[in-house]
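> Sequence first, predicted coordinates after that:
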2 protein chains.
Amino acid sequence: MGSKPLVRDLLKEKQAELTASERRLSAVLLEDSMVTGLQSITRLAEVAEVSTPTVIRLARKLGFDGYPDLQDAIRVELAERMKRPLAKLEAARDDARDHIVSRFVEAVSENINRTLDRLDLARFDTVAELLSDPARRLHLLGGRITRSNAHYFFNHLQIIRPHVLLMDSSPSVWPQSLLDMDDRSVLIVFDIRRYERELEKLARLAVGQGAEIVLFTDAWGSPIEKYAAHTFRAMVEVPSSWDSTLAINFVVEALVADIQSRSSGQSADRIAALENMLGASRIFRGN
Amino acid sequence: MGSKPLVRDLLKEKQAELTASERRLSAVLLEDSMVTGLQSITRLAEVAEVSTPTVIRLARKLGFDGYPDLQDAIRVELAERMKRPLAKLEAARDDARDHIVSRFVEAVSENINRTLDRLDLARFDTVAELLSDPARRLHLLGGRITRSNAHYFFNHLQIIRPHVLLMDSSPSVWPQSLLDMDDRSVLIVFDIRRYERELEKLARLAVGQGAEIVLFTDAWGSPIEKYAAHTFRAMVEVPSSWDSTLAINFVVEALVADIQSRSSGQSADRIAALENMLGASRIFRGN
DNA sequence: AATATCCTGTAACAATTTCTACAAACGCCG
DNA sequence: CGGCGTTTGTAGAAATTGTTACAGGATATT
């Protein structure tokens, strides 16, 4: 109910009945999601090169009481938008606040949140589409720690669609895979800190072959970034000697879900066929 | 250059040197990405249930000139965050709410929360201790989907301690591993729905050999539960055709952190040795 | 139990903000 | 060009905000 109209919409709606300088002001506000409107009226007026009364008059025209009233609305709106999706992980079951699990959940929740902050949805969609294209050949590769992530992604992709390959962990057999790459190939690389030189080398060569690179890395960014067409940065720090790849896995799982639904038509047959084979082999083994 | 530290990080960093009411205040700020800090000092103080001078004192402690200075920082930070991903998000705001990522994060958040609710910390500690015992031999095994989880766990355990084995995915070679199991063996199994009969069979045989079983499964519970000495149940449902193993991974990562710190004495040498070998092999490969 | 230290809020003060009244500037039409 | 309505800015009053000084109260220490 009472969902008060968004300030942005109000501005657009009333655009017609605004005067010249009011419009200049509204342009400034719209430009950066009205964050400028959280400053004092004086400063906002300065930025927009308008006088302070103009600001007040605009606020009134939009139906607000005065400038502070408008500010409140903007702030509420912003808070709504900032709301951290995972904010409510209840870290503190107070029986064990210091338990490793509690500290861990806090860090993980923060990691996923910040990863999401930085996640560009447009990029996500682009990549999902790219990886759904059955004409593409996908090669997956992980480092020492991230091999499991690569494996997870591979495992699912392989069920959903054809032409998915998990590259061997030993660099000595990479050249053979490289030979197969061309401009229809996509190389999906996982590389987090203690970045591995071999991975970078391979990435460079793959790009040379015409392959497109999708990179999953940490906040600091692997050197492979410069070759990558698409990069996902995830937060990995937790109270441990090890980095956490949960945030990376989160993105991967979301991608799997999206890719699956995009290619559900083709993959249904594929999965049915797979089920059949599994069933057959089970009978075969005489279980 | 001059990349000023984020207010959020400042708050976390100085958390230790904050007083009780300052911490109350900082909690309020962190809760909603500091949007509350854009109001007047009076209102912020009211929300946090502290006095206005406390707010100023906190601002100073963080290195700001005064409250307005802090506000400026918050605003800049917010504007920065609004800029990139939101330019696109703005156009299709309602889209974003329905975006797969948004739906996913909600489900994951719920999953981890509920998994934590059910997690018995005493059991967690027991298992951590069990898996830290260098006299034990650990065998890891995953199913079709959960093999990556087993692999992840294996990967880390193997670095931390000796006698860790990842069992082959093909049942035909399991008998050989079974032969090696006795009452000093621990079998770590991952089995979520579409429970696999082969896994159950192996579990039964392993118990017969005297091995202890640690099981990771979903909310409904794998048939292996009846053989398992310790069971972790995690929530796996997400808006996808696939189950999410993030909650399982969460428990695994927390275990890794705990086991690592328990055996840090012994594992330090092990890791150092490993680093050396990695370095050596890199030189050997002539990178 | 007494003392010292640190934490916290009250209250008065200073600075800044928002707002109003008024007048200058602009554009439009006869 | 002069009259008229509208738009815009200036300046000061009113209100609110941010800040400082100080004292009561809590906590730890001897």
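That came through, no problem.
> Near DNA strand C, which residues of chain A are found?
A:40-43, A:52-53, A:56, A:59, A:65-69, A:71 (CB under 7 Å from any atom of the strand). All C-beta atoms are positioned from the backbone trio N, CA, C, and that covers glycine.
> Which members of the residues you listed are positioned in helices?
Counted as lying in helices by DSSP state H, out of those, are A:41-43, A:52-53, A:56, A:59, A:67-69, A:71.
> what about burial for those residues, which qualify?
For those, a burial check counting by 16 or more other CB atoms under 10 Å in any protein chain shown picks out A:41, A:56, A:59, A:67, A:71.
> tell me the pLDDT at the first one?
Think A:I41. In this model, A:I41 is scored at 89, pLDDT.
> got any ranges where the stretch 51-200 of chain A has weak pLDDT?
Within the stretch 51-200 of chain A, the set of residues satisfying pLDDT under 70 comprises A:83-98.
> which stretches of it form helices?
A:52-61, A:67-82, A:100-118, A:121-132, A:147-160, A:174-179, A:197-208 (DSSP state H, counting those that start in this stretch).
> Buried residues, stretch A:75-84. List them.
A:75, A:77-78, A:81-82, A:84.
> Out of these, which comes closest to A:N249?
Closest approach between the buried residues of stretch A:75-84 and A:N249, by CB to CB: A:R84, at 18.9 Å.
> In the stretch 51-200 of chain A, what residue comes closest to DNA strand C?
A:G66 (2.0 Å; CB to the nearest atom of the strand).
> got a list of what that residue touches?
A:56, A:59-60 (CB atoms under 8 Å, 6 or more residues apart in numbering or on different chains).
> Columns distance to DNA strand D on top of the buried ones among the ones in helices among the residues of chain A next to DNA strand C, output as TSV?
Shown next, in TSV, are these (distance: CB to the nearest atom of the strand, whole Å):
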residue	distance to DNA strand D
A:I41	10
A:I56	9
A:A59	14
A:Y67	11
A:Q71	10
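> What separation do you get for the residue most central in space within chain A and A:D243?
Closest to where the C-alpha atoms of chain A average out (CA atoms, centre = their mean) is A:L119, at 2.8 Å. Using CB to CB, to the nearest Å, A:L119 is found at 18 Å from A:D243.
> what do you get for A:L121?
A:L121 is 25 Å from A:D243, by CB to CB.
> again, but for A:L178
Counting by CB to CB, the gap from A:L178 to A:D243 is 28 Å.
> quick one, which of the two is more surrounded?
A:D243 (21 against 18; other CB atoms under 10 Å in any protein chain shown).
> nearest residue to the more buried one other than its sequence neighbours?
A:V236 (4.0 Å; CB to CB, 6 or more residues apart in numbering or on different chains).
> need the contact list for that neighbour.
A:111, A:192-193, A:218-219, A:243-245, A:247-248.
> list the contacts for A:I213?
A:I213 sits next to A:186-189, A:203, A:206-207, A:224, A:227-230 when contact means CB under 8 Å, 6+ apart.
> and if we set it to 10 Å?
Contacts for A:I213 (CB atoms under 10 Å, 6 or more residues apart in numbering or on different chains) come out as A:139, A:141, A:185-189, A:202-204, A:206-207, A:224-231.
> out of the residues you listed, which touch DNA strand D?
Of these, not one also sits near DNA strand D (CB under 7 Å from any atom of the strand).
> In strands only, show me the residues you listed.
Residues of the contacts of A:I213 located in strands (DSSP state E): A:139, A:141, A:185-189, A:230-231.
> Of all residues in chain A, which one is closest to DNA strand D?
Nearest residue of chain A to DNA strand D: A:T19, at 3.0 Å (CB to the nearest atom of the strand).
> gap between that residue and B:P134?
Using CB to CB, which is the criterion applied here, A:T19 is 79 Å from B:P134.
> Can I take it that A:T217 is in a helix?
No: the assignment for A:T217 is strand, going by DSSP: H, G, I helix; E, B strand; the rest coil, so no helix is present there.
> Near it, how many other residues are there?
24.
> can you pull up the bridge partners for it?
A:D191, A:R233 (DSSP bridges).
> And it, what's its pLDDT?
Reported pLDDT for A:T217: 94.
> And chain A, what are its domain boundaries?
With domains defined by automatic domain parsing, chain A comprises A:7-82, A:120-278.
> Just tell me which of these ends up closest to B:V35.
The nearest among the domains of chain A, by CB to CB, is domain A:7-82 at 4.2 Å.
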